[in-house]
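In: Dropping the sequence and predicted coords here.
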Amino acid sequence: MELKYKEITEKIIGASYEVHNFLGNGFQEVIYQRALAYEMRKKGLVFAREIEQPIFYKEIEQPIGTRRADFMV
């Protein structure tokens, strides 16, 4: 069985490894985000950063809150 998003997933993981291998540990999150955005662009991935998403619960029609995703690919 072939995974539907295997190629995209491999690119995301590869970009993440590239950033980690180059920068290592100890930087602020924004540094890693900028580096990851650079690597994902190089791999031809389309993404958006800091996307606000409403959170819904069961039958409640209005969102009960929001969350922010670092990246949406």
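Out: Looks like it came in fine. Numbers count the residues shown, from 1 in each chain.

In: rest of the way, CA atoms for contacts and neighbours
Out: Will do.

In: ok, Glu59 - how many residues close by?
Out: A count of nearby residues for Glu59, using other Cα atoms under 10 Å, gives 6.

In: per-residue pLDDT, it?
Out: We have a pLDDT of 96 for Glu59.

In: hey, where'd the strands end up in the chain?
Out: For the chain, strands defined by DSSP state E occupy the ranges 48-55, 65-72.

In: CSV for these, including mean neighbour count, distance to Thr9 and mean pLDDT?
Out: Shown next, in CSV, are the strands of the chain (neighbours: other Cα atoms under 10 Å; distance: least, Cα to Cα, whole Å; pLDDT from 0 to 100):
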stretch, mean neighbour count, distance to Thr9, mean pLDDT
strand 48-55, 12, 16, 95
strand 65-72, 12, 12, 95
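
In: Mind putting those into TSV with distance to Glu39?
Out: What follows is the strands of the chain, written out as TSV (distance: least, Cα to Cα, whole Å):
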stretch	distance to Glu39
strand 48-55	14
strand 65-72	13
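
In: Of all the ones you listed, which one is nearest Tyr5?
Out: For Tyr5, the closest of the strands of the chain is strand 65-72, at 13.8 Å, according to Cα to Cα.
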